[in-house]
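Asks: got a sequence here, can you build the structure:
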Amino acid sequence: MTETRRDVYQAIADPTRRQIIGLIAHKPMNLNAISDNFKISRPAISQHIKILTECGMVVIHQQGRERLCEAKLDGLKEVNDWIADYKRFWENKLDNLEAYLYKLQNQKKHGRRKK
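Replies: Residues are numbered from 1 along each chain as shown. As a prediction, the model looks like this:
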C-alpha cells in the first residue's frame, strides 16, 4: 500500500481541520476534549487528526494515559507566503483602480471629461 503524501493545503482544505488547528493552536488537547467541540463522531475527529498528523500540522504526545495533540504551525508559513504573492497582485490592481477613479472624479469636478 502506498503512503499518501499530504501537504499543508490538504490540512487547511477542510473546515473541521481548520477548527481543530484553531482549538489546539494555543494549548495541546486530548482527543476527547477536541471531540467535545464538534457534532461529529470521535472516529471522524480521529480521522481528521490523522490527516493533520500526516500533513505535519499536528504532533501527538503520550502523556501518561492521555494522547495530547499539539499544533505545529510552521507549515502555515508556506500558505502565508503563497497568499502574499496574490495579495500583492490584488493590492496593485486595486491601487491602480483607485488612481483611475480618482482621476475620473477630478476630471468631472473640473468639467474636463476626456474620452
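Asks: torsion angles phi and psi at the residue lying closest to residue 73 once chain neighbours are set aside?
Replies: If the residues on either side of it in the chain are set aside, residue 73 comes closest to residue 25, at 6.5 Å by Cβ to Cβ, 6 or more residues apart in numbering. Any C-beta I mention is one placed from the backbone N, CA and C, and that applies to glycine too. Reported as degrees, to the nearest 10, the phi and psi values for residue 25 are phi -60, psi -30.
Asks: also residue 69?
Replies: phi -100, psi 120.
Asks: count residues in the vicinity of it, would you?
Replies: Neighbours of residue 69 under the rule other Cβ atoms under 10 Å: 23.
Asks: again with residue 37
Replies: 13.
Asks: wait, what's in contact with it?
Replies: 19, 23 (Cβ atoms under 8 Å, 6 or more residues apart in numbering).
Asks: and the pLDDT for the residue lying closest to residue 16 once chain neighbours are set aside?
Replies: The spatial neighbour of residue 16 that comes closest, neighbours along the chain excluded (Cβ to Cβ, 6+ apart), is residue 48 at 5.5 Å. Looking at residue 48, its pLDDT reads 97.
Asks: understood, closing this out.
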